[in-house]
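What would the 3D arrangement of this be:
(2 chains)
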Amino acid sequence: MFDLDLWREIFQSINKNRTRSLLSGFTVAFAILLFTILFGIANGLQNTFAEAFVDDATNSIFINSGRTTKANKGLQSGRQIQFKNEDYDYIKDEFGNKVEYITARIYNNIQASFRGEQNSYSLRGVHPDHQYLEKTNVIEGRYINQNDLQNRTKVVVIGRKIEEDLFLKTTALGKYINLSSIPYKVVGIFTDDGGDNEERIMYMPVTTAQQVYGKHDYIDQINLTYNPEMNYDEALAFSSLLTKKLKDRFSVASSDQRAVRVRNMAEGTKAVSQMTFGLTVIILVIGFGTLIAGVVGVSNIMIFIVKERTKEIGIRKALGATPRSIVSIILIESILITAIAGYVGLLIGVGVIELVTPVLKDYFIKDPGVSNGLVIGATLTLIAAGAIAGYFPAKRASKIKPIVALRND
Amino acid sequence: MLEIRQLHKSYPIGDSSLHVLKGIDLSVEEGEMVAIMGSSGSGKSTLLNIIGMLDEADSGEYILDGLPIKDLTEKKAAVYRNKFLGFIFQSFNLINYKNALENVALPLYYQGMKRKERQELAMFHLEKVGLANWATHLPKELSGGQNQRVAIARALAANPKLLLADEPTGALDTSTSHEIMAFIQQLNDEGKTILMVTHEEDIANMCKRIVRLRDGIILEDVKVTQVRAEQYV
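Residues are numbered from 1 along each chain as shown, chains lettered A, B, ... in the order given. Model (predicted):
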């Protein structure tokens, strides 16, 4: 395939016919440009959605309580529903292997200080499973464990930002931090993909929090993840069963939307993934549509070129050009024009995306970008497209009879 | 050198067919210079096309240098044309975006010759037709006579056994025609076999033999005393 003279012939032919080569390349360049920009934007939208959900496990279910809005079983409306440790145990026993991880949450705002530096942070009393639910990455030390829970040890796991805020001259691990005048040992430091705010949180054993903050065995919230082997429908069935059982347990009317709230992330995830899928399909359809238009354009112009060069091809054949050499000239010329024009389109597209990225951020499009995979895919597609565009014209050229060279016009 | 027996060729025209060549017998020896004459429609161009392997006969034999030319694939025809035949056309048929040297080198390219070698050889032939100084000029920058000389150099480049000329002077004025004819005669003097289609009597008389065609058959085949073209130049 690599024949220097053949390439010389092709470059000479492209060079001598710059206008028509440029014209035929333009459609392809434009098609790829559009495709790249569309793809980038779709990617950006996808990133935005992905970011919104990256913080928590996608199979999470959050259970909150509130006041009843309806009277039920002789009980008045406006009654506060309060979860307790026994409710946590109940869910754990009742649903067994349907639950992957489960944790209680107790919320509190505390004033924390270390050697004169102080600030207020939110504190969460949790079970060890919380680490997996929140996707907490422990970078130093450890997380809350079962032992802490049983012994109500005074330990905390703090976010990276808290260490930065309070521990100016030293590291936090192993030090004692004061929370409302009670010293707690820092046993771990974590990072979280959810951003800075998620890293200004500290965790302590739920049992310790209940004891210190006088909450008896109260729980503010229960979070759990369902068994990931469940599909979407099973997950929904699971959460509605959970809702029903909890409502019965607290004698809440089944139509009461406030008293017991079960939020299943699967619903949101499903909607988002459906939307992203739809978006990708639309973009692919538009992209391929434009690319096909480009290919047809190149093919058309190549047919015109072959027609225009009929006599030249006839002469070449009379001088001893084999049909194969004619086919390679037309085919490679077509591939070359398509590939180069396509690449120009791709580069411009990537450039445009780079330029507008800061602006697009305001429109919920984050980090629009074109992956290496797409670039490689685009290259292969372009070569294939060029070959398709050149095939019929080349076939036509190879059928030209050398006799046309003898015709006088 | 060239042997043709009972050559027939007809072209379909709608439902009927036009019988163009009705049994041609022709034999050409090496070193001959033959003019094929005839009015338009006499079949002279068809005959030249068949000899040039640009067209195929319906029946009859055609033997070129001991090689039967029959049922050629396109590829084989291309190789034979390249190896055995040099073409000179009425309208020169140079490739307009290639300069004189590149045009002359083209048949050598299709022979698979290396670029450097090919350019040297092409230059040699350009010198032979007296256009060495015009090597880098495009066809449109050259006169008709010069273009035809480039075309002759191209036809000679592959060192063919047979030169086929289709009205080589048809597009040239009288004095340029004579110049070109003088050149072709010189090639013949050097031993090249030349077959030429023309309808000009004075050009035909500059050959050594005249074959007259009418309605697809040979009317007359005579040897003539060659009129030298130099005397007019």
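
only C-alpha atoms for contact and neighbour calcs from this point on.
Will do.

excluding its backbone neighbours, what's nearest residue B:65?
Distances taken as Cα to Cα, 6 or more residues apart in numbering or on different chains place residue B:1 nearest to residue B:65, at 4.6 Å, with adjacent residues excluded.

And residue B:229, by the same measure?
Leaving aside its chain neighbours, residue B:229 sits nearest to residue B:182 (4.8 Å; criterion: Cα to Cα, 6+ apart).

Look up which helix or strand the one you found falls in, please.
helix B:174-189 (DSSP states H and E).

CA atoms only for that helix, dumped as PDB, please.
The C-alpha trace of helix B:174-189 is given here as PDB (Å, rounded to 0.1, in the frame of the first residue of the first chain):
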ATOM      1  CA  THR B 174       1.000  23.000 -42.300                       C
ATOM      2  CA  SER B 175       4.600  24.000 -41.400                       C
ATOM      3  CA  THR B 176       4.300  22.400 -37.900                       C
ATOM      4  CA  SER B 177       2.800  19.300 -39.500                       C
ATOM      5  CA  HIS B 178       5.800  19.000 -41.700                       C
ATOM      6  CA  GLU B 179       8.100  19.500 -38.700                       C
ATOM      7  CA  ILE B 180       6.300  16.700 -36.900                       C
ATOM      8  CA  MET B 181       6.300  14.400 -39.900                       C
ATOM      9  CA  ALA B 182      10.000  15.000 -40.400                       C
ATOM     10  CA  PHE B 183      10.500  13.900 -36.900                       C
ATOM     11  CA  ILE B 184       8.300  10.800 -37.300                       C
ATOM     12  CA  GLN B 185      10.200   9.900 -40.500                       C
ATOM     13  CA  GLN B 186      13.500  10.200 -38.600                       C
ATOM     14  CA  LEU B 187      12.100   7.700 -36.000                       C
ATOM     15  CA  ASN B 188      11.200   5.400 -38.800                       C
ATOM     16  CA  ASP B 189      14.700   5.800 -40.200                       C
END
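
tell me the mean pLDDT for that helix?
What helix B:174-189 shows for mean pLDDT is 93.

how about the helix or strand hosting residue A:210: buried residues?
The secondary structure element spanning residue A:210 is helix A:206-212 (assigned by DSSP H and E). By neighbour count with 16 or more other Cα atoms under 10 Å in any protein chain shown, helix A:206-212 contains the buried residues A:206, A:207, A:208, A:209, A:210.

Please apply the same query to stretch A:111-118.
Of the residues in stretch A:111-118, those scored as buried under the neighbour-count criterion (16+ other Cα under 10 Å) are A:112, A:113, A:114, A:118.

where do the strands sit along chain B?
With strands called from DSSP state E, chain B shows them at B:2-13, B:16-28, B:33-37, B:59-64, B:67-68, B:85-88, B:162-166, B:193-197, B:209-214, B:217-223.

Out of these, which is closest to residue B:47?
In this view, these are compared for proximity to residue B:47 by Cα to Cα, and strand B:16-28 is the closest at 7.5 Å.

Report the contact partners of residue 105.
No chain specified, so I'll use chain A. In this structure, residue A:105 makes contact with A:124, A:125, A:126, A:127, A:206, A:219, A:220, A:221, A:222, A:223, judged by Cα atoms under 8 Å, 6 or more residues apart in numbering or on different chains.

Switch to chain B, please.
When contacts are taken as Cα under 8 Å, 6+ apart, residue B:105 is in contact with B:118, B:119, B:121, B:122, B:154, B:157.

nearest to chain A, of those residues?
For chain A, the closest of the contacts of residue B:105 turns out to be residue B:154, at 9.0 Å, with distances computed as Cα to the nearest Cα.

what about that closest one, neighbour count?
28 (other Cα atoms under 10 Å in any protein chain shown).

hmm, back to that, show only the entries of the contacts of residue A:105 found in strands.
Counted as lying in strands by DSSP E, out of these, are A:124, A:125, A:126, A:219, A:221, A:222, A:223.

Now render the strands of chain B as TSV, adding mean pLDDT and mean neighbour count.
As requested, the strands of chain B are exported to TSV (pLDDT from 0 to 100; neighbours: other Cα atoms under 10 Å in any protein chain shown):
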stretch	mean pLDDT	mean neighbour count
strand B:2-13	92	16
strand B:16-28	92	15
strand B:33-37	95	26
strand B:59-64	93	18
strand B:67-68	90	12
strand B:85-88	93	26
strand B:162-166	93	25
strand B:193-197	94	23
strand B:209-214	94	20
strand B:217-223	93	15
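
Among those strands, which comes closest to residue A:144?
Closest approach to residue A:144 among those (Cα to Cα): strand B:85-88, 93.3 Å.

what helices or strands is that closest one leaning on?
On a contact count with 3 or more Cα pairs under 8 Å, 6 or more residues apart in numbering or on different chains; DSSP states H and E, strand B:85-88 meets helix B:144-157, strand B:162-166.

Residues contacting the shortest one, please?
Okay, so that is strand B:162-166. Residues from elsewhere that reach strand B:162-166, judged by Cα under 8 Å, 6+ apart: A:406, B:45, B:48, B:52, B:84-90, B:155-156, B:192-198.

and if we set it to 6 Å?
Taking Cα atoms under 6 Å, 6 or more residues apart in numbering or on different chains as the criterion, the residues outside strand B:162-166 that touch it are B:85, B:86, B:87, B:88, B:89, B:90, B:193, B:194, B:195, B:196, B:197.

gap between the third one and residue B:184?
I take that to be residue B:87. Separation of residue B:87 from residue B:184 (Cα to Cα, to the nearest Å) stands at 12 Å.

picking up where we left off before, can you put the helices and strands packed on strand B:85-88 in TSV and add distance to residue B:8?
Below are these laid out as TSV (distance: least, Cα to Cα, whole Å):
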stretch	distance to residue B:8
helix B:144-157	28
strand B:162-166	20
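
Could you check how many residues crowd around the residue in the stretch 251-400 of chain A positioned nearest to chain B?
When you check the stretch 251-400 of chain A against chain B by Cα to the nearest Cα, the closest residue turns out to be residue A:320, at 4.3 Å. Number of residues near residue A:320 (other Cα under 10 Å) recorded here: 28.

Using the three-state scheme, assign it.
Under DSSP: H, G, I helix; E, B strand; the rest coil, residue A:320 falls in the coil class.

so who does the residue nearest to residue B:65 touch?
Neighbour list for residue B:1: B:28, B:29, B:30, B:64, B:65 [criterion: Cα under 6 Å, 6+ apart].

Just send the contacts of residue A:105 back as JSON lines, with distance to chain B and pLDDT too.
JSON lines is the format used below for those (distance: Cα to the nearest Cα, whole Å; pLDDT from 0 to 100):
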{"residue": "A:124", "distance to chain B": "81", "pLDDT": "91"}
{"residue": "A:125", "distance to chain B": "83", "pLDDT": "90"}
{"residue": "A:126", "distance to chain B": "81", "pLDDT": "91"}
{"residue": "A:127", "distance to chain B": "80", "pLDDT": "91"}
{"residue": "A:206", "distance to chain B": "85", "pLDDT": "89"}
{"residue": "A:219", "distance to chain B": "87", "pLDDT": "88"}
{"residue": "A:220", "distance to chain B": "84", "pLDDT": "89"}
{"residue": "A:221", "distance to chain B": "82", "pLDDT": "89"}
{"residue": "A:222", "distance to chain B": "81", "pLDDT": "89"}
{"residue": "A:223", "distance to chain B": "77", "pLDDT": "89"}
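
Take these and, keeping just the buried ones, write it as a PyMOL select command.
Here the buried members of those are turned into a PyMOL selection, burial being counted by 16+ other Cα under 10 Å:
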select buried, chain A and resi 124+125+126+127+206+219+220+221+222+223
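
and which of the contacts of residue A:105 is nearest to residue B:221?
Relative to residue B:221, and with distances defined as Cα to Cα, the nearest of the contacts of residue A:105 is residue A:223, at 109.7 Å.

mind checking pLDDT for the nearest residue to the closest one once chain neighbours are set aside?
With sequence-adjacent residues excluded and distances taken as Cα to Cα, 6+ apart, residue A:223 is closest to residue A:62, at 4.6 Å. Reading off the confidence values, residue A:62 has pLDDT 88.

For residue A:62, the count of nearby residues, please.
16.

how about it, secondary structure?
Following three-state DSSP, we place residue A:62 in the strand state.
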